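[1] A predicted structure for the sequence below; I have some questions about it.
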Amino acid sequence: MVAPILLVEDNADDEALTLRALKKNNIQNEVIIARDGVEALDYLFGTGAHAGRDLTRMPQVVLLDLKLPKVDGLQVLQRLRTDERTRLLPVVILTSSKEQQDLVEGYRLGANSYVRKPVDFSQFMEAVRQLGLYWLILNESAPSAGSL
């Protein structure tokens with residue numbers, strides 16, 4: 001079974017664009033949507049609305065926006081990297097932020113990649129195609145915490 005993609009995005013337009021780009025690039029993975037940082041953490045750790053979720057089925061990659069309600073993307077990333085179960089989970093920051101501080105802090109906290117969302121749809125399509133090719137096909141995922 002193919003692992004899902006967790007898309008953490010609060011902007012409905014950016015969510016729709018990302019889903020459309022994934023579909024147009026024939027990326028078949030199920031996409032789980034979290035619209036704020038709390039929802040993302042609940043999904044990843046099986047709490048709140050996702051209590052009882054099968055935690056052995058983790059996303060293949062997390063596409064993480066930074067400017068999120070409730071808990072921002074950098075806080076989500078920090079929480080993922082401090083927990084043994086999610087420390088090795090691939091996280092791609094996918095943001096429109098042009099702030100150098102966000103870039104530096106994202107990598108400092110352990111992001112695997114940092115991609116600025118292009119405004120132009122064709123550029124965005126190409127960025128998503130390359131993300132899918134690398135993270136879903138070429139990249140060898142780290143073993144889950146339970147299999148180490």
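    Nice, thanks for sending it over. Residues are numbered from 1 along each chain as shown.

[2] tell me the contacts of the nearest residue to Pro69 once chain neighbours are set aside?
    Excluding the flanking residues, the one nearest Pro69 by Cβ to Cβ, 6 or more residues apart in numbering is Asp36, at 4.4 Å. For the C-beta atoms, the positions are set from N, CA and C on the backbone; glycine is no exception. The contact partners of Asp36, taken as Cβ atoms under 8 Å, 6 or more residues apart in numbering, are 10, 68-71.

[3] how close does Asp36 get to Ser113?
    Distance, Asp36 to Ser113, using Cβ to Cβ, to the nearest Å: 22 Å.

[4] what comes into contact with stretch 44-59?
    By Cβ under 8 Å, 6+ apart, stretch 44-59 touches 1, 3-6, 32, 38-39, 41-43, 62, 80, 83, 85-86, 89, 144, 146.

[5] just the buried residues of those.
    Neighbour-count burial within the contacts of stretch 44-59 applies to 4-6, 32, 38-39, 41-43, 62, 80, 85-86, 89; the criterion is 16 or more other Cβ atoms under 10 Å.

[6] thank you, goodbye.
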